[in-house]
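Peer 1: Fold the following and give me the result.
(one chain, ligands or ions: 1)
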Amino acid sequence: MAAYPAADKAVPTTAPGSHQIESGMKIEKDRVVRFHYTVSEIGQEPIESSKDRDPLAILIGHGNIIPGLEAAMMDKEAGESFGVDVKSAEAYGERREGLTQRVPKKHFGTTRLIPGTQVILQTNFGPRAVTVEKVGMTVVDVDLNHPMAGKDLHFDVEIIEVREASEEEVQHGHVHGDGGHQH
Ligand code: ZN
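Peer 2: Prediction:
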């Protein structure tokens, strides 16, 4: 005879009012997912990873993450890991020509400006990653394309937590608290 308990007895019952972490909650719109990721150009070394810092927290269904990655996450649960290839059109879009802009040097503060490197430029729309093209005496030419524009990317993802978003988070369209907005 098998020594295993019958399936119906193997399921632990949860006492009313207890606060066990809900398992099996799937990723869907208006839920918050915390996850680790590593991103690379397909077939190449990783460009960036969250593994050496806190996981990222994203509100699903509000345009907070590239569409190809969000689509791949749907219906996954905490504890799941997966890899996905995302075409540039579903990632950071295609590279666009003519996005070079001349910016006064003072806008970069004390940042070292080396052609070919990426720096963060403070714009009216918030911080933006740009690529330094040419450094003059008083002005800097930067390429406004996202550094990963035009690239097909591979993501390795580990889902850490899935929870319901609060009403306030849904109204704001972003996550509050751990890994999100602090306000
Ligand atoms: Zn908010």
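Peer 1: And the residue of the chain at minimum distance from the ion, how close does it get to E161?
Peer 2: Residue nearest to the ion within the chain: H172 (3.3 Å; CB to the ion). All C-beta atoms are positioned from the backbone trio N, CA, C, and that covers glycine. Counting by CB to CB, to the nearest Å, the gap from H172 to E161 is 19 Å.
Peer 1: got the residues of the chain near the ion?
Peer 2: For the chain, the residues in contact with the ion (CB under 5 Å from the ion) are H172, H181.
Peer 1: run the last query once more with 8 Å
Peer 2: For the chain, the residues in contact with the ion (CB under 8 Å from the ion) are E168, E169, Q171, H172, G173, H174, H176, G180, H181, H183.
Peer 1: State the distance from the last one to E169.
Peer 2: For H183, the distance to E169 equals 12 Å [CB to CB].
Peer 1: Return every residue with contacts to both of these two.
Peer 2: Common neighbours of H183 and E169, counting by CB atoms under 8 Å, 6 or more residues apart in numbering, are H176.
Peer 1: Which one's more surrounded, those two?
Peer 2: E169 (21 against 6; other CB atoms under 10 Å).
Peer 1: what's the neighbour count on V135?
Peer 2: Other residues close to V135 by other CB under 10 Å number 15.
Peer 1: hang on, it packs against L113?
Peer 2: Yes - with contact defined as CB atoms under 8 Å, V135 reaches L113; the gap is 4.7 Å.
Peer 1: Quick check: neighbours shared by the two?
Peer 2: Once CB under 8 Å, 6+ apart is applied, the residues that V135 and L113 both contact turn out to be K105.
Peer 1: Now do the same contact list for A71.
Peer 2: By CB under 8 Å, 6+ apart, the neighbours of A71 are E90.
Peer 1: Could you verify that it is part of a helix?
Peer 2: Yes - under DSSP: H, G, I helix; E, B strand; the rest coil, A71 falls within a helix.
Peer 1: Domain parsing of the chain, as residue ranges.
Peer 2: Domain segmentation of the chain under automatic domain parsing yields 24-92+149-165, 100-143.
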